[in-house]
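>>> Attaching a predicted model along with its sequence, questions to come.
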Amino acid sequence: MNLNGKRVLVIGERDGVNAASIEACVKSLGAEVLYAETLCFV
Amino acid sequence: MDLEGQGQIKQVVEQQGRDELVAVLGANSPTAVEMTALTLKSGDPSYAGPLAGVSLGIPSFHILEPEITQQLDPAVFERELALAALAMDVAGLIAPLKAIRAGQ
Amino acid sequence: MRFPAITAVANVLAHAPGLVRYGSKPCRDLAQSPSLPDALEGHLRSYDDAVGYAPNQAYLGNVEPDTLRALPRPWFATPDRSASADGAFGDLVSEVELLGLLRLCDRARLVRLEEGSLAEARLGLVRRGIATSAEMEALASASPDANARAIDSGEAVALWHEGRVVGSMARGHEQDEALTANVLLENLATKATGVLALRRLLRQIADRVPPEAVPFVIAGSEEAVGDRYQRGGGNIAKAIAESAGLTQATGFDVKSFCASTLYGVFNAAALVQAGIFARVVVVAGGSLAKLGMKYRAHVAKGMPILEDVLAGIAILVEAANGRDPSIRLDTLGLHTIAAGSSQQAVLEALVIDPLRRAGYGLREVDRYVTEMHNPEVTEPAGSGDVPTGNYRLIAALGALRGELPRDGVQDFIATHGMPGFAPTQGHIASAVCYLAHALRAMRAGKMHRALFLAKGSLFLGRMTDASDGVSFLMEA
């Protein structure tokens, strides 16, 4: 899946991969981030 | 997915449209992956949140899916994802997503 | 260099099924479905079931967390009927005793409690040595009429026990959002369980440290004490110290989300190390907001609502004494802003860096203590097994660095990790819940070195994207 030009909703998880890391990754592939949140379940 | 998050996402979609919109997840349990992906595609399965009965049709991917990670610059992967990729059960996490994206 | 030691720890629990409806998630859902309390009723546990629940017994120190490995799940299905509410590390008090503590700790005349419950609480708390007859008898009870009037007028929220209204909690101000009945109940619940932990700790050390000999108290819990002009004013530490009779003490609060209590511990050690105080107590009360946090999943799966207990802890830090384990102040794990918030960066800061500076390999630490949330609470809600997830990350980091074999994750967890056992009370589950166990094991010569690490999700407060964490080595 080519993320270049895609608009991304980032839903990270503190105990998985957090939003900051996902954002860095998808932006490096040319995506635009519209929403980013890190969920913390505990 | 948290109800508050559902409300915010609904607003983003209403204001900015669905073109080229995808979700990228970082959850660490197959259940969380599945619940989030289903909610974004066909509405909140628990019928409790702002996305209850609202079919956004947004496809979800997990950041650790090989088709994404293989495209990343190795330095970016190393810094942001390598640890999670080794520690988390990637196969188990992405299993529900292929089926949901395929429309099952 | 000798570093300050941890010389006593009290771990306490308070059964609070009647307060579950005031937990953040149930309370918000209640606004949408007023019939919720009836739905909850069928899933709330009895005191005996809470006492016999293996993870609670592990928290209280009557069994080791490791024993949970061999115990078949679901743990809630097999409560130990011979288990005691008088734990090695502290008490699991009944709901009525908790209500009595709320009344005892109430300095603003906001809590009403009926005579029957107050009398029952008095008996229980006096038997435990937690309260004196004199101070309990000095508390006036409220008539059912006075109670009903307060609730019906909207001035107070009801306090429930076994399906009956037995008291109420009043608001502190008509307009102040920081002094609503719900907020004050939350703060008072933290104070009451903090006082329970501190009074239990004082009983433990009574033979050598009288209350007047404690000069400083640090609190690190999850409440926010304040008013409309300063919502997070704080210093619940001093309120707790006052209600525990520490007349010669003052104190302050430390806050970093769930990392608060662990921060409190190393700060206490630093004060002792600097020679400012001979001893410092760190205290934390429970989180009312987190009661019933995963109740929907528990109810949906026909389980009892497991988040029905408030937790508390009190820790005594004193100068090194040659017997008790010390806190390595020279190798603290600190997560700087520049480090960034990737999982790898956080664990390098909290695990790799302290070990490198101390000169230890990953396997030279007997036990890693991370966020010890009971997986039976979190898994039904799709939140996974948090401790195991954390251990897998530490093991994976070891593998990436070549310190562990790639297939050594399971072995690492078995040898250096342990099952989650703490109630999902945030800061309490974040490593400090195991201090008592580590102290006991190190005194007995069964453990020499443990790394305690806690994380704080600062991003939740919307002031930063960053997360936080802190760690320290405890060594015999």
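Nice, thanks for sending it over.

>>> Name the residues of the lowest-mean-pLDDT helix or strand in chain B that are buried.
In chain B, no helix or strand scores lower on mean pLDDT, DSSP states H and E than helix B:3-16, which sits at a mean of 82. Residues of helix B:3-16 classed as buried by neighbour count (16 or more other CB atoms under 10 Å in any protein chain shown): B:L3, B:G5, B:Q6, B:I9, B:V12, B:V13. In this view, the C-beta of every residue, glycine as well, is placed from N, C-alpha and C.

>>> Can you tell me which of those is nearest C:A142?
The closest of those to C:A142 turns out to be B:L3 (CB to CB; 37.0 Å).

>>> re the thing from before, redo the buried residues of helix B:3-16 as CSV? Include distance to B:E80.
Shown next, in CSV, are the buried residues of helix B:3-16 (distance: CB to CB, whole Å):
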residue, distance to B:E80
B:L3, 29
B:G5, 22
B:Q6, 26
B:I9, 23
B:V12, 23
B:V13, 26
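
>>> List just the nearest of the residues you listed to C:A31.
B:L3 (12.0 Å).

>>> follow-up on the earlier one: next SSE downstream of the least confident helix or strand of chain B?
strand B:21-25 (DSSP states H and E).

>>> Please list the residues outside that next one that contact it.
Applying CB atoms under 8 Å, 6 or more residues apart in numbering or on different chains, the contact partners of strand B:21-25 are A:1, A:3, A:6-13, A:22, A:26, A:34, B:13, B:33, B:36-37, B:40, B:58-63, B:68.

>>> The helix or strand following that strand relative to strand B:21-25, how many degrees between them?
Scanning forward in sequence from strand B:21-25 by DSSP H and E, the next helix or strand is helix B:30-42. Interaxial angle of helix B:30-42 relative to strand B:21-25 (axes from the mean of the first three to the mean of the last three CA atoms, to 10 degrees): 170 degrees.

>>> End to end on stretch B:68-87, go ahead and measure it.
18 Å (CA to CA, to the nearest Å).

>>> So chain C: which segments form each domain?
The record's domain parsing of chain C by automatic domain parsing lists C:5-318, C:326-475.

>>> average pLDDT for the first one?
Averaging pLDDT along domain C:5-318 yields 97.

>>> starting at the chain centroid, how far to it?
Between the mean C-alpha location of domain C:5-318 and the chain-wide mean there is a distance of 9 Å, by CA atoms, centre = their mean, to the nearest Å.

>>> The last one now?
Centroid separation for domain C:326-475 versus its chain: 17 Å, with CA atoms, centre = their mean.

>>> picking up where we left off before, chain A: which of the domains of chain C is closest?
domain C:326-475 (3.7 Å; CB to the nearest CB).

>>> tell me which parts of chain C are close to chain B?
Within chain C, the positions lying close to chain B (CB under 8 Å from any CB of the partner chain) are C:296, C:342-344, C:347, C:379, C:382-384, C:389, C:392-393, C:395-397, C:399-400, C:406, C:409.

>>> Could you write me a ChimeraX select line covering just the buried ones among these?
The ChimeraX selection below is limited to those of the residues of chain C next to chain B classed as buried (16+ other CB under 10 Å):
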select /C:296,342,343,344,347,379,382,383,384,389,392,393,395,396,397,399,400,409
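
>>> Okay, and which of the residues of chain C next to chain B map to strands?
Among those, none falls in strands (DSSP state E).

>>> just the residues of chain C next to chain B that are near chain A?
Restricting the residues of chain C next to chain B to those near chain A by CB under 8 Å from any CB leaves C:S342, C:Q343, C:S383, C:G384, C:G389.

>>> List the contacts of the least confident helix or strand of chain B.
A:7, A:9, A:11, A:34-35, A:37, A:39, B:21, B:39-40, B:44, B:48-51, B:54, B:56, B:58.

>>> Check stretch C:295-307 too.
B:46, C:17, C:20, C:23, C:25-26, C:29, C:39-40, C:43-45, C:49, C:53, C:74, C:76, C:290-294, C:374, C:376-377, C:380-382, C:423-424.

>>> counting contacts, what elements does whatever helix or strand A:C25 lives in pack onto?
A:C25 belongs to helix A:19-28 when assigned by DSSP H and E. Contacts defined by 3 or more CB pairs under 8 Å, 6 or more residues apart in numbering or on different chains; DSSP states H and E place helix A:19-28 against strand A:7-13, strand A:32-39, strand B:21-25, helix B:74-80.

>>> Can you tell me which of these is nearest to C:A150?
From the helices and strands packed on helix A:19-28, taking CB to CB, the stretch that ends up closest is strand A:32-39, at 38.4 Å.

>>> buried residues in stretch C:451-462?
For stretch C:451-462, a neighbour-count test (16+ other CB under 10 Å) marks C:L451, C:F452, C:L453, C:A454, C:K455, C:G456, C:S457, C:L458, C:F459, C:L460 as buried.

>>> Surely the second one is in contact with C:H437?
Read it as C:F452. No: applying CB atoms under 8 Å as the test, C:F452 and C:H437 come out as separate, 11.3 Å apart.

>>> Give me the neighbour count for C:A278.
Counted by other CB atoms under 10 Å in any protein chain shown, the residues lying close to C:A278 total 14.

>>> hey, what's residue 8 bridged with?
This is for chain A. Beta-bridge pairing for A:V8 (DSSP bridges): A:V33, B:V22.

>>> my question was about chain C
C:L316.

>>> looking at chain B, which residue ends up farthest from its center?
In chain B, counting by CA atoms, centre = their mean, B:A75 sits farthest out from the average C-alpha position, at 23.7 Å.

>>> Return the distance of that residue relative to chain C.
12 Å (CB to the nearest CB, to the nearest Å).

>>> Pull up the gap between that residue and C:A399, please.
Separation of B:A75 from C:A399 (CB to CB, to the nearest Å): 19 Å.

>>> same thing with C:W160?
Distance from C:W160 to C:A399, by CB to CB: 50 Å.

>>> next one: C:H416
Counting by CB to CB, the gap between C:H416 and C:A399 amounts to 14 Å.

>>> With C:R406 instead?
Taking CB to CB, one finds C:R406 at 5 Å from C:A399.

>>> Overlap of the contact sets of these two?
Shared contacts of C:R406 and C:A399, counting by CB under 8 Å, 6+ apart, come down to B:L86.

>>> List only buried entries from the contacts of helix B:3-16.
Buried among the contacts of helix B:3-16 (16+ other CB under 10 Å): A:7, A:9, A:11, A:34-35, A:37, A:39, B:21, B:39-40, B:44, B:49-51, B:56, B:58.

>>> ok, the residue nearest in space to the middle of chain C - contacts?
Among the residues of chain C, the one closest to the centroid is C:I428, at 3.1 Å (CA atoms, centre = their mean). If a contact means CB under 8 Å, 6+ apart, then C:I428 has C:T261, C:A284, C:G286, C:S287, C:A311, C:G312, C:I313, C:A422 as its contacts.
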